[in-house]
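**Student:** when you get a sec, could you give me coordinates for this:
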Amino acid sequence: MERVYNGMPATLLGTEGWQKPWSGGNGGSCLEALRLTDGRVALRQSTDPEGPALICSFHEMAAFIRGVKSGEADYLLA
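**Tutor:** Model (predicted):
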């Protein structure tokens, strides 16, 4: 695999293994996630699977999920 970096075309990460853990009946516009072999997590928009991927470290993703679970991101929905 080529160097993995933020903004790279998600297709360079392959088509296998992408999952939709955050799907909420929003007309097919879902966030898809792929756990990379080094523990990082790639995110892409399901409606644009060939678009850019956001690459997060394991610790960044863990902090994000903990924050969401504790309500720290609720302001985004207000």
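**Student:** stretch 20-29 - what's its average pLDDT?
**Tutor:** With pLDDT averaged residue by residue, stretch 20-29 scores 68.
**Student:** what sits against the residue at minimal distance from the centre of the chain?
**Tutor:** To find the centre residue of the chain, average its C-alpha atoms and take the closest one (C-alpha atoms, centre = their mean): that gives residue 43, at 2.1 Å. Applying C-beta atoms under 8 Å, 6 or more residues apart in numbering to residue 43 gives the contacts 31-34, 53-56. Yep, even glycine has a C-beta here, placed from its N, CA and C like the rest.
**Student:** and the buried ones among those residues, selectable in PyMOL?
**Tutor:** In PyMOL, selecting the buried portion of these, with burial taken from 16 or more other C-beta atoms under 10 Å, looks like this:
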select buried, resi 32+33+34+53+54+55+56
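**Student:** returning to what we had before: next one, pLDDT for the residue nearest to the centre of the chain please.
**Tutor:** The per-residue pLDDT of residue 43 was computed as 96.
**Student:** can you tell me the strand partners of the helix or strand of the chain with the lowest mean pLDDT and which way each runs?
**Tutor:** Every helix and strand in the chain was compared by mean pLDDT, DSSP states H and E; the lowest is strand 19-22, with a mean of 80. Strands that pair with strand 19-22, judged by DSSP bridges, come out as strand 31-35 (antiparallel).
**Student:** how far does the strand it pairs with sit from its chain's centre?
**Tutor:** A distance of 4 Å separates the C-alpha centroid of strand 31-35 from that of its chain, computed with C-alpha atoms, centre = their mean, to the nearest Å.
**Student:** fine by me, we can end here.
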